[in-house]
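Asks: need coordinates for the following:
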Amino acid sequence: MRTLEDETIKQSEFSPAVVDNNEVLLRTYSSPADIDDNSRFLDSSMSISDLRSRGLSCHRENYVNFNIMRDNAVNRSMRTTERRGQE
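Replies: Numbering: from 1, shown residues only. Sure, this is the predicted structure:
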């Protein structure tokens, strides 16, 4: 279970530093199933129990390469579409 104290500690060896309160954070959604017909995220796109136990992966605007982020999202979306076609 995460606590507020976790916000004061670097969470990964790959993180450059603790996330500052003023930083812009980015989250990539690559599955169309997470978005409704009005381009809003569905409540089911994020599990509250996962948020409480594992937190939420995100990118930090000052440290991200947008081209890599976009390419990763496209690749994930294609894999998701392929898996759905096999079901």
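Asks: for the protein, just list every one of the helices.
Replies: 48-54, 66-86 (DSSP state H).
Asks: winner for burial among these?
Replies: Stretch with highest mean neighbour count among those: helix 66-86 (a mean of 11; mean count of other C-beta atoms under 10 Å). Quick note: C-beta positions are derived from backbone N, CA and C, even for glycine.
Asks: so which of the helices of the chain comes closest to residue 21?
Replies: With C-beta to C-beta as the measure, helix 48-54 is the member of the helices of the chain nearest residue 21 (18.8 Å).
Asks: and the closest one, average pLDDT?
Replies: Average pLDDT, helix 48-54: 77.
Asks: for stretch 77-87, same thing?
Replies: pLDDT averaged over stretch 77-87 gives 68.
Asks: before we move on, what about stretch 19-39?
Replies: Stretch 19-39 comes out at a mean pLDDT of 83.
Asks: that stretch: which residues count as buried?
Replies: Across stretch 19-39, burial judged by 16 or more other C-beta atoms under 10 Å covers no residue at all.
Asks: great, nothing more from me.
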